[in-house]
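**Student:** no FASTA, just this:
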Ligand SMILES: [Zn+2]
């Protein structure tokens, strides 16, 4: 896919070119001129993919991606991995750089089980509050850790706290990342009770859905809820695939 098609509008293309040509990975520079050119790009000219995160895929097929953010712990991550293996489910995990660096064997275990390993950035902070340079630095630090472990460059970032703005989306894209949030939030991060988590997912699931779950130790009910979720989705006729696989089923949907 050419960049021109991807970005759609010439003004955005020029802005992104500015972003790319002034970016040095590792010691990214975003001169004042770039910020001015960004401000000049009227919001009304921005396409959905420049404003919003990826949330679903347009398809009528009963296919969905289960995704797990991991930023902390040694108990829940292997538990979720074991359940995915037992049920032969290929999921997508978004790992924080510092956690992945400390737990390379767990990350490898996920990759060997067919999981897609993507980025949850480095610091768990809101990207709308970070400068472009800081966003790129956060992404590249984690990028290097993941690539060292899996040998594959991640291409999706789940921004910490699901926070983003159009500026952070373009900054992430300048280093090859699509910002992805979710179509369905399981709310497992709130520890709301197993039945709430199961109900949330099984009632809201839809074709092309991206489901947010967590496998950090702070989430205490995910491993209890997951088997029931997998069973229910199976009964509903859903096929669970990774994010990259999901995108082969239809057009990506970027929405607020
Ligand atoms: Zn997180």
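**Tutor:** Cool, the structure landed. Treat the numbers as computed from the prediction; the structure is a model and nothing was measured.
**Student:** okay, now the closest residue to the ion within the stretch 101-250 of the chain: neighbour count?
**Tutor:** Of all residues in the stretch 101-250 of the chain, residue 160 sits closest to the ion, at 5.1 Å by CB to the ion. Using the backbone N, CA and C atoms, a C-beta is placed for each residue, glycine as well. The tally of other residues near residue 160 (other CB atoms under 10 Å) stands at 21.
**Student:** as a check, name the ranges of all helices in the chain.
**Tutor:** Remark: helices assigned in the chain by DSSP state H are 3-7, 10-21, 32-40, 48-51, 76-86, 97-102, 104-112, 132-150, 166-173, 194-204, 222-235, 243-246.
**Student:** hang on, isn't residue 78 packed against residue 106?
**Tutor:** Yes - using CB atoms under 8 Å, residue 78 is in contact with residue 106, at 6.0 Å.
**Student:** gap between stretch 139-158 and the chain center?
**Tutor:** With CA atoms, centre = their mean, to the nearest Å as the basis, the distance from the averaged C-alpha position of stretch 139-158 to the chain average is 12 Å.
**Student:** how far does that stretch stretch from one end to the other?
**Tutor:** 11 Å (CA to CA, to the nearest Å).
**Student:** over to the residue sitting nearest the centre point of the chain: give its phi and psi.
**Tutor:** Nearest to the mean C-alpha position of the chain, counting by CA atoms, centre = their mean, stands residue 158 at 3.1 Å. The phi/psi pair for residue 158 (degrees, to the nearest 10) reads phi -100, psi 110.
**Student:** grab the nearest non-local neighbour of it.
**Tutor:** Using CB to CB, 6 or more residues apart in numbering and skipping the chain neighbours, the partner closest in space to residue 158 is residue 94 (4.0 Å).
**Student:** how far away is that neighbour from residue 195?
**Tutor:** Distance of residue 94 to residue 195, given as CB to CB, to the nearest Å: 25 Å.
**Student:** tell me which of those two has more neighbours.
**Tutor:** Between residue 94 and residue 195, counted using other CB under 10 Å, the more crowded position is residue 94 (27 against 12).
**Student:** for that one, give me its contacts.
**Tutor:** With contact set as CB atoms under 8 Å, 6 or more residues apart in numbering, residue 94 has these partners: 67, 68, 69, 70, 118, 119, 120, 156, 157, 158.
**Student:** right, and the second one touches residue 214 too?
**Tutor:** Translated: residue 68. Yes - contact between residue 68 and residue 214 holds when scored by CB under 8 Å: they sit 6.0 Å apart.
**Student:** of the two, which one has the most company?
**Tutor:** residue 68 (29 against 25).
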